[in-house]
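[1] sequence and predicted structure are below.
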Amino acid sequence: MFIIAQLYSCFNHLFIFFSLCHDSAIMRHIKNEEVLHTMKITQIRNATNRLVYAGKTFLIDPWLSPSHMFTFADVPGHPYHIPDQVKEHLPMPFYDLPMSTEEILEDVDCVIVTHLHPDHIDISFADGTVGAPLDKAVPILCQNEEDAVVLKKSGFQEITILPKEWMKIGDASIRQVPALHGTYLPCGNAMGVLFEAKDEKTFYLAGDTIWYEEVAATIEKFRPGVIALNACAAETLENGRLIMGDEDVWNVSLAAPDARLYITHMDNVAHASITRHVMRGRLASRGVVNYDMPADGESVVY
Ligand SMILES: [Fe+2]
């Protein structure tokens, strides 16, 4: 009888424990609500995210085209090849936007484009201009002079090259940090972005990068509370693996065990080698639990 009572009590505690876990997960996932002065990230699609930070709304890497617009075989000159050749003919992005363009662009204070690749900003293959759906009067931050020239040609009116020292946007401090966009030969330059503000967790948007010593150094130096990782393990023959996969996420988790990892850039590009489904399984087998991986259209509040 005593053993049965003990078992009953044990199950009761487990039930309460799992109920609390479930509730706290739901509390952190809030759809379609703006929470001022609380950090909130909304997964739009691929690397496109809306970030509310220190009361400002940032639109990150706005790739806003409808689904199925181009394949790797359509890119002028067909410069990139995928180890699995069949993927070169898969039309991207795979999914439509989860909400209207108007909703995505509503009340955006600042656009951040980490680099000018066609899965991060809409690019016209006809004339090379970028960002057709965007309001050109909204300030835009980019990584370097080369990207600034393209943005200017595309009609953007307020372009700032994000400095490698802190600059202020409202109450947020923000700076550029290094990224490495390929294991074999980097696919051009890319940047990461750090955000700091009083009463907010430090946010590290790692961008299109693999795990390497500069990512480790950024984590070591700034101790971010939330780290966004582009992690579909996209790969080309020319560049190797372009962004993180599950092993890199695992390395970030080991380097930042107290941070929350926000996994994005999933399930929309042809050269991806893992999906959200595969990532979830592999992270479970690696014992990584400190992450969120929202579906398109979902938000996480930190
Ligand atoms: Fe990308």
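    It's in.

[2] now the residue of the stretch 151-300 of the chain found nearest the ion: which helix or strand?
    Using Cβ to the ion, D208 is the residue of the stretch 151-300 of the chain that sits closest to the ion, at 4.5 Å. (C-beta placed from N, C-alpha, C; glycine too.) Applying DSSP states H and E as the criterion places D208 outside every helix and strand.

[3] show the contacting residues for it.
    47, 114-115, 117, 120, 179, 181, 187, 190, 230, 242-243, 265 (Cβ atoms under 8 Å, 6 or more residues apart in numbering).

[4] how about it, nearest residue that isn't a chain neighbour?
    Excluding its sequence neighbours, the residue lying closest to D208 (Cβ to Cβ, 6 or more residues apart in numbering) is A190, at 4.4 Å.

[5] for that neighbour, the count of nearby residues, please.
    24 (other Cβ atoms under 10 Å).

[6] how far away is it from G55?
    Distance, A190 to G55, by Cβ to Cβ, to the nearest Å: 27 Å.

[7] so how many other residues sit close to the residue in the stretch 1-150 of the chain positioned nearest to the ion?
    Per Cβ to the ion, D119 is where the stretch 1-150 of the chain lies closest to the ion, at 4.5 Å. Residues within reach of D119, counting by other Cβ under 10 Å, total 25.

[8] SS state for it?
    Of the three states, D119 takes coil under DSSP: H, G, I helix; E, B strand; the rest coil.

[9] quick one: the residue nearest to T209 when sequence neighbours are not counted and S67, what's the gap?
    If the residues on either side of it in the chain are set aside, T209 comes closest to A179, at 3.6 Å by Cβ to Cβ, 6+ apart. Per Cβ to Cβ, A179 is found 27 Å from S67.

[10] who in the stretch 101-250 of the chain is up against the ion?
    The stretch 101-250 of the chain comes close to the ion at residues D119, D208, as judged by Cβ under 5 Å from the ion.

[11] where does the stretch 101-250 of the chain dip in pLDDT?
    Low-confidence segments of the stretch 101-250 of the chain (pLDDT under 70): none present.

[12] for it, which segments count as strands?
    110-112, 140-142, 159-161, 167-169, 172-178, 191-196, 203-205, 226-230, 235-236, 240-241 (DSSP state E, counting those that start in this stretch).

[13] pick the most deeply packed of the ones you listed.
    Of all those, strand 203-205 carries the top mean neighbour count, a mean of 28, counting by mean count of other Cβ atoms under 10 Å.

[14] adjacent strands (with direction) for that strand?
    Strand 203-205 pairs in its sheet with strand 191-196 (antiparallel), strand 226-230 (parallel), by DSSP bridges.

[15] show me what contacts G155?
    T129, K136.

[16] do you know how far it is from A295?
    Counting by Cβ to Cβ, the gap from G155 to A295 is 33 Å.

[17] try S154
    S154 is 31 Å from A295, by Cβ to Cβ.
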